[in-house]
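> following is a predicted model, sequence given first.
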Amino acid sequence: MKEPLRQLVLQGLARLQEQAVLPADVGVPFVIERTRSKEHGDFATNAALLLAKPARKNPRALAEALVAALPKSEQIHKVEIAGPGFINFFLGATAYHDEVRRVLAEAEAYGRNASGAGKTVGVEFVSANPTGPLHVGHGRNAVIGDCLSRLFEATGWNVRREFYYNDAGVQIQNLAISVQARARRLKPEDAGWPEDGYRGDYIADVAREYLAGESVEADGHIVTGAKNPDDLDAIRQFAVTSLRHEQDLDLKAFGVSFDVYFLESSLYTDGMVEKTARELIAHGHTYEEGGALWLRTTDFGDDKDRVMRKSDGTYTYFVPDVAYHLSKWQRGYGHAITVLGSDHHGTLARVKAGLQALDAGIPKDWPEYVLYQMITVMRGGEEVKISKRAGSYLTLRDLIDEAGRDATRYFLIARKSDSQLVFDIDLARSQSNDNPVYYIQYAHARVCSVFRQLDERGLSWNRANGLAQLALLDNEHEVALMSEVARYPEIVETAAANLEPNLVAQYLRELANALHAYYHAHAFIVDDANLRDARSALIVATRQVLANGLGLLGVSAPEKM
RNA sequence: GCGCCCGUAGCUCAACUGGAUAGAGCAUCGGCCUUCUAAGCCGACGGUUGCAGGUUCGAGUCCUGUCGGGCGUGCCA
């Protein structure tokens, strides 16, 4: 609804320029925004305030000139000048009625837009190493990445969901020797247990399956346990596949899937690491010191130079990181997002520096990172840190099992990613009015319930008549609800542009509130068929937007609760 | 030491990216079920936006300083 107003203001400004009230060369980044208070109408613009200085005019006088120059519009009921020079727009009821018609006409597509123009965006998230079950931090990562992907899809992007993992490094070696130790009947407290070995129970499970010769499948290949505790290579392959498989099961239970699983080892086998190193050397940003090869990342904003190749001839992790991102660039991810725990933020500057040092035409702000803060999980008023299965941390599976997929997803996405969050298990699993997930779902189920009632009473909704009778919707609660419904496309747009899916969660709560309030203030199933059909149209539109919004969050929209 | 993120009601969080009187939920207190689901609605209480300056018509939002919390700062991944 903002765009038509924006056009009106632009036309008004153009007219003022023709009349020489405004200098011809001013371009002003004015905004059309929702007002906080209904006293100020539905929308406001600050154009006159921003133009006052360049035009050397009093802002209120300028506002009056601008209002006089605005083209007429049927959607606008009234225009007022307020405060220091705000221009407030009061929409007529027909503007909202038109929006209800739009919702019903567009249905699942309502709120979507084509701003992405089919361009490709790569969203990399989770990217957990296969050394253990996913933990709660991965859960936050997963839901942020998944919801961002859904938002990109809703705004016309071609989305590639990507999971990158290290299947060959020191940590994987550590995994292999830990499983081997278990296969040799050692326990973490025994003498001979590897010093930094993984101690969780899951290591024993993997060892048992390996010894039993079971088969596991992940990322398109099957590995069968070789049973031999001395074959470390076989153990490693089995363990990686087994843990990847377990992660896949957790992700599936969480409603998250990927298009691409990218193995770090492939960067070595296909020569990308070597090639990247050669490129960096060729572009003259490296030097040798102390037997090691350094990259002058300080030339690109890093605070110290970084070692690329250690004196023992092996590469530091940061070279494959750069190679990996180069691969994304070469695969056509013109826009790339990486969802990363803020404890890894130190890697950003050097990866970006490495990419710049390649002189490959990669923009300075590519890729874009979404950093999220740590989670504290509370149960019974105490912090929960230990999971039975993982030993040292709480797993995502624990959370899903206790709170359910919907509540877990909602709780992890409802907060802005850069604020630390407290996940209260007792609250998330409570089937009570304390729980915001149920509040929203209940609004959806409530509308469904009204239609079941309608049916039971032998009535049915005449959709065409409802849409023809929307003018009957004029009470305070109806206007408030229609106004809330009409905000949805803006929410999608803003959430996608700012990479803030939490805005959708926030919005849905407000929409549900408007629906619940309307429900209590007015009966929907009334004797007057015209009014009944019109009200039904409004609540169907509301249900549609609730379902669309919940869909963006990957949370179900139940018909009955 | 240096760098990044965060400090908003007792608690958990918003505030449309610089807009008008800073809003919700929980908790506390008080109302509302013979009527479409009370997993709900309505009301009350609760604030010097950590602190001090600055920028401008206007600052929770931007800048500087300061205090507090988290994270990072390896020839570890």
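Looks like it came in fine.
> bridging residues for the residue in the stretch 1-150 of chain A that RNA strand B sits nearest to?
Per CB to the nearest atom of the strand, A:Ala44 is where the stretch 1-150 of chain A lies closest to RNA strand B, at 3.0 Å. For glycine as for every other residue, the C-beta is placed from the backbone atoms N, C-alpha and C. Taking DSSP bridges as the rule, A:Ala44 bridges to A:Glu33, A:Asn88.
> isn't it right up against A:Pro84?
No. Counting by CB atoms under 8 Å, A:Ala44 stays clear of A:Pro84, with 11.8 Å between them.
> higher neighbour count, those two?
A:Ala44 (21 against 13; other CB atoms under 10 Å).
> and the gap between the more buried one and A:Ile362?
40 Å (CB to CB, to the nearest Å).
> now A:Gln75
44 Å.
> who has more neighbours out of the two?
With neighbours defined as other CB under 10 Å, A:Gln75 and A:Ile362 compare such that A:Ile362 has more, 18 against 15.
> checking the more buried one next. Helix, strand or coil?
Following DSSP: H, G, I helix; E, B strand; the rest coil, the label given to A:Ile362 is coil.
> tell me the pLDDT at A:Gly92?
Reading off the confidence values, A:Gly92 has pLDDT 85.
> in this structure it contacts A:Asp98, no?
No. Between A:Gly92 and A:Asp98 there is no contact under CB under 8 Å: 9.9 Å.
> what do these two both touch?
Counting by CB atoms under 8 Å, 6 or more residues apart in numbering, the common neighbours of A:Gly92 and A:Asp98 are A:Gln75.
> residue boundaries of the strands in the stretch 51-200 of chain A?
With DSSP state E, counting those that start in this stretch as the criterion, the stretch 51-200 of chain A has strands at A:76-82, A:86-91, A:120-124, A:158-165.
> buried sites along the first one?
Of the residues in strand A:76-82, A:Ile76, A:Val79, A:Ile81 count as buried by neighbour count, 16 or more other CB atoms under 10 Å.
> then the third one?
Buried residues in strand A:120-124, counting neighbours by 16+ other CB under 10 Å, are found at A:Thr120, A:Val121, A:Gly122, A:Val123, A:Glu124.
> out of those residues, which is nearest to A:Gly332?
For those, the residue nearest A:Gly332 by CB to CB is A:Thr120; the value is 5.4 Å.
> and the closest one, how far from A:Phe152?
For A:Thr120 relative to A:Phe152 (CB to CB), the value is 10 Å.
> and for A:Ala212?
From A:Ala212 to A:Phe152 the distance is 43 Å (CB to CB).
> those two: who's more crowded?
Comparing A:Ala212 with A:Phe152 by other CB under 10 Å, the one with more neighbours is A:Phe152, at 23 against 9.
> quick one: residues contacting that one.
A:Gly116, A:Val121, A:Val123, A:Val159, A:Ala496.
> where does it land on pLDDT?
96.
> same check on A:Val28?
67.
> also A:Arg56?
A:Arg56 carries a pLDDT value of 79.
> phi, psi of A:Leu499?
phi 60, psi 50 (degrees, to the nearest 10).
> for the residue lying closest to A:Ile491 once chain neighbours are set aside, give its distance to A:Thr347.
The shortest distance from A:Ile491 to any non-neighbouring residue, by CB to CB, 6 or more residues apart in numbering, is to A:Tyr507 (4.6 Å). With distances taken as CB to CB, A:Tyr507 is found 33 Å from A:Thr347.
> burial of A:Pro363, as a residue count?
Neighbours of A:Pro363 under the rule other CB under 10 Å: 13.
> is it true that A:Ala403 touches A:Asn435?
No. Counting by CB under 8 Å, A:Ala403 stays clear of A:Asn435, with 9.6 Å between them.
> who in the stretch 101-250 of chain A is up against RNA strand B?
Residues of the stretch 101-250 of chain A lying close to RNA strand B (CB under 7 Å from any atom of the strand) are A:Asn129, A:Asn166, A:Gly169, A:Val170, A:Gln171.
> and the residues you listed, which of them are buried?
Using 16+ other CB under 10 Å, the buried ones in these are A:Asn129, A:Asn166, A:Gln171.
> quick one, phi/psi of A:Thr494?
Torsion angles, degrees, to the nearest 10, at A:Thr494: phi -70, psi -40.
> now do the contacts for it.
A:Thr494 neighbours (CB under 8 Å, 6+ apart): A:Glu500, A:Leu503.
> quick check: pLDDT value at the residue in the stretch 51-200 of chain A positioned nearest to RNA strand B.
Residue nearest to RNA strand B within the stretch 51-200 of chain A: A:Gly169 (3.0 Å; CB to the nearest atom of the strand). A:Gly169 is assigned 82 on the pLDDT scale.
> check contacts around it.
A:Gly169 sits in contact with A:Glu264, A:Tyr317, where contact means CB under 8 Å, 6+ apart.
> relative to A:Ala191, how far out is it?
27 Å.
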